[in-house]
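K.L.:
build me a structure from this.
(2 chains)
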2 protein chains.
Amino acid sequence: MALIAPSRRVRRTPFSAGVEAAGVKAYTVYNRMLLPTMFESIEADYHHLKKHVQVWDVSCERQVQISGPQAQKLLQILTPRDLGKLRPSKGLYIPVVDQHGCMLNDPVLLQVDADTFWVSIADSDLLLWIKALTVSNGFELEVTEPDVSPLAVQGPKAEALMARVFGDAVCDLKFFGAGRFGFQEHDFVITRSGYSKQGGFEIYVEDTSRGMPLWEALFEAGGDLDVRAGCPNVIERIEGGLLSYGNDMTDENSPLECGLEKYVDANQLDVCLGGRALKEELAAGSTQLVRAIEIDTQSLPICDRAWPLYVGAARVGQVTSAAYSPDIGKGVGIGMVSKGHWANGTAVEVETPEGRFEAAVREEFWA
Amino acid sequence: MALIAPSRRVRRTPFSAGVEAAGVKAYTVYNRMLLPTMFESIEADYHHLKKHVQVWDVSCERQVQISGPQAQKLLQILTPRDLGKLRPSKGLYIPVVDQHGCMLNDPVLLQVDADTFWVSIADSDLLLWIKALTVSNGFELEVTEPDVSPLAVQGPKAEALMARVFGDAVCDLKFFGAGRFGFQEHDFVITRSGYSKQGGFEIYVEDTSRGMPLWEALFEAGGDLDVRAGCPNVIERIEGGLLSYGNDMTDENSPLECGLEKYVDANQLDVCLGGRALKEELAAGSTQLVRAIEIDTQSLPICDRAWPLYVGAARVGQVTSAAYSPDIGKGVGIGMVSKGHWANGTAVEVETPEGRFEAAVREEFWA
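P.N.:
Here you go, the predicted model:
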């Protein structure tokens, strides 16, 4: 593997000093910001995440802050999800689609204040989309990227660690629940969420200068919990069926293809941009769907491009994320599978740069 | 330095196989695509670029394709540059600004056909900005990212190499001139341009499958010219004053601050979004300007964040790109300098993570 070249354009985070001191070995770039991908090894990080607790620098989940009385009206244009349920105590996962009903991002939406919202984005400059829609539609809104950097605490001991730093009340948060909790004279927005299936929290750190004091407090409080610096783990997230924008879905996919139909509300499709295309797809049915792909192998190359799926000579889809899973004892993958082949148990072949592997389509993920 | 983690999200290019075979040592990520940054070493690559010829995979300069009779009308909303001079035989460098007159990108605009344009972008998802403006303003346009990947041929022997592959007529192109030239039954759009001061061309490779045949033909034709795989070189581009979006200018800077006033045409400011802010800045004067910064040192750390500039205790700007230049024998940098301190020769101090260095503001770059 090659090195990553540092430059100002690939932005450091409030926690970069901590990440470096913890011995980060690899990065990716996400929203033009550094995102660690490996500390000890992908497999060692995976086992640790499932047993203990990790602190993740996920600053790259940048916020688009939308402020003003018309904010909710604008937001409802962005997504087919009904935002009627939105309240300050709960985050909402929202597909954001273009005029063709195709995915532009899959952020988490938080109501920070009566008229202030944070859209916590995946890897695309959704700020530009939202700013342009705001300006063109004459909305009186302020749309900015504030100095807010999420820090995730993930793993089975996440509750124990968070309670020590923020108090026991943080454990009362329900899944995707949000609240403000104090640390060193500041109340941080915290949600019970994160890009793993091991349970945990995300702390929205406002103001870069508050980053390292919080990072250090978490490590000081968690010594006996075997707390470590970590990062989203490709094996664990595939087992759990956590899709990655840019990997498992792109602006060529609709939310229905991505298995996000529960976030597509029929009553919003006249309001949401792209709603007409989604109505048509709902009526006609999708032509491909996201599926788990179980690959019959003990080792896999790194999945750095789409791997075609075949049934005989017919191409029936592609795998877009994959890794060998020590706990499953096989390869685990996420792919898009064509109509007629997406039933549970369908036998397929995956073509990788290191040859073909037997595989099976699954309707459920592993964790 | 840490490794770069491969994934589908960080896209490979039509030339990745060639880049890997040539022994790429480091990458950055640009428009969510791999961009090589080093082959032998930054300094060895620099010396080679100034003497011979290099082939650069700059696929990451993605195109936003705008097609339709209203395309030029939309384009004039995006930029303060007068597009009256636009014709198929010439590319135009255009600052693209938001409603506040701040830089969203600094692409090169090409007219590919009567009603088809390519916006060859720097590192931000300008596609989202243009799509949203198109939809919101009711323009009947198709806005897409086509399968077009630029390949640059740069260096003093670039003409010699290009003539062998595309014929002598390619040498008739003037600076930023554009034309179509044949290779293996396809006419490629070629411009005399590129992100170096050594002279050269950019070939807009339509269709991924044509990438490696062209790559290989260039290397076969250039053996005696010492052709090598290369990439934009940080030392060379700083010497030449080539600004980098995301490094030397961001969405917090106006084109006037970035020294791009010759691309801000007064007669367009009533049409261009953000024109009012630019008029005000033209009237009031800018509060900071891009400048060359000559740093009195024989070695510098990697510039991976903004380095503050001081005069005594007063902060007077920041350096955003810097490297030691073997040919200049000093550190060379690009920075933003506050009013009152940007005169040629102003003595300043640069604060880096490895200490302070004496430096001088320069009105001209080195090459």
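K.L.:
chain B contacts on the stretch 151-300 of chain A?
P.N.:
Neighbours of chain B within the stretch 151-300 of chain A, by C-beta under 8 Å from any C-beta of the partner chain: A:Val234, A:Ser244, A:Tyr245, A:Gly246, A:Asn247, A:Leu273. Every residue, glycine included, has its C-beta placed from N, CA and C.
K.L.:
SS state for A:Met336?
P.N.:
strand (DSSP: H, G, I helix; E, B strand; the rest coil).
K.L.:
just the buried ones from the residues of the stretch 151-300 of chain A next to chain B?
P.N.:
Among these, those classed as buried by 16 or more other C-beta atoms under 10 Å in any protein chain shown are A:Val234, A:Ser244, A:Tyr245, A:Gly246, A:Asn247, A:Leu273.
K.L.:
A:Ile295: neighbouring residues, count only.
P.N.:
Close neighbours of A:Ile295, defined as other C-beta atoms under 10 Å in any protein chain shown, add up to 26.
K.L.:
from the chain's centroid, how far away is the strand ranked longest in chain A?
P.N.:
Longest strand of chain A, by residue count under DSSP state E: strand A:314-325. Distance of strand A:314-325 from the chain centroid (C-alpha atoms, centre = their mean, to the nearest Å) equals 19 Å.
K.L.:
so which of the residues of the stretch 151-300 of chain A next to chain B sit within helices?
P.N.:
Judged by DSSP state H, those include A:Val234 as members of helices.
K.L.:
quick one: which of the residues of the stretch 151-300 of chain A next to chain B is nearest chain B?
P.N.:
Nearest to chain B among these, counting by C-beta to the nearest C-beta, is A:Gly246 at 3.3 Å.
K.L.:
anything in the longest strand of chain A near chain B?
P.N.:
Yes: interface with chain B: strand A:314-325 contributes A:Thr320, A:Ser321 (C-beta under 8 Å from any C-beta).
K.L.:
partner strands of that strand and their direction?
P.N.:
Using DSSP bridges, strand A:314-325 pairs in its sheet with strand A:307-311 (antiparallel), strand A:330-338 (antiparallel).
K.L.:
which of these is buried the deepest?
P.N.:
Neighbour counts (mean count of other C-beta atoms under 10 Å in any protein chain shown) averaged over each of these peak at strand A:330-338, with a mean of 24.
K.L.:
give the next helix or strand downstream of that one.
P.N.:
Using DSSP states H and E, the helix or strand that follows strand A:330-338 in sequence is strand A:347-352.
K.L.:
given that next one, what are its sheet partners and their directions?
P.N.:
Strand pairing for strand A:347-352, using DSSP bridges, gives strand A:307-311 (antiparallel), strand A:355-362 (antiparallel).
K.L.:
for the last one, which positions count as buried?
P.N.:
Same thing as strand A:355-362. A:Phe357, A:Ala359, A:Ala360, A:Val361, A:Arg362.
K.L.:
let me see the contact set for A:Ala306.
P.N.:
Counting by C-beta atoms under 8 Å, 6 or more residues apart in numbering or on different chains, A:Ala306 makes contact with A:Gln318, A:Val319, A:Thr320, B:Arg8.
K.L.:
with A:Tyr263 instead?
P.N.:
Contacts for A:Tyr263 (C-beta under 8 Å, 6+ apart) come out as A:Thr79, A:Pro80, A:Arg81, A:Tyr93, A:Ile94, A:Pro95, A:Pro255.
K.L.:
and these, which is closest to chain B?
P.N.:
Distances from chain B to those, taken by C-beta to the nearest C-beta, are shortest for A:Thr79, at 14.4 Å.
K.L.:
nearest residue to that closest one in space, please, no chain neighbours.
P.N.:
The shortest distance from A:Thr79 to any residue other than its chain neighbours is 4.2 Å, reached at A:Ile94 (C-beta to C-beta, 6 or more residues apart in numbering or on different chains).
K.L.:
same thing with A:Arg62?
P.N.:
Nearest non-adjacent residue to A:Arg62, counting by C-beta to C-beta, 6+ apart: A:Asn31, 5.0 Å away.
K.L.:
what do you get for A:Glu364?
P.N.:
In space, A:Glu364 is closest to A:Ala292, 6.6 Å off (C-beta to C-beta, 6+ apart).
K.L.:
the one you found against A:Leu243, yeah?
P.N.:
No: the criterion here is C-beta atoms under 8 Å, and A:Ala292 misses it with A:Leu243 at 11.0 Å.
K.L.:
which residues do these two both contact?
P.N.:
By C-beta under 8 Å, 6+ apart, A:Ala292 and A:Leu243 have these common neighbours: A:Ile334.
K.L.:
burial of the nearest residue to A:Gly222 once chain neighbours are set aside, as a residue count?
P.N.:
Excluding its sequence neighbours, the residue lying closest to A:Gly222 (C-beta to C-beta, 6+ apart) is A:Leu161, at 4.5 Å. Using other C-beta under 10 Å, A:Leu161 has 23 neighbouring residues.
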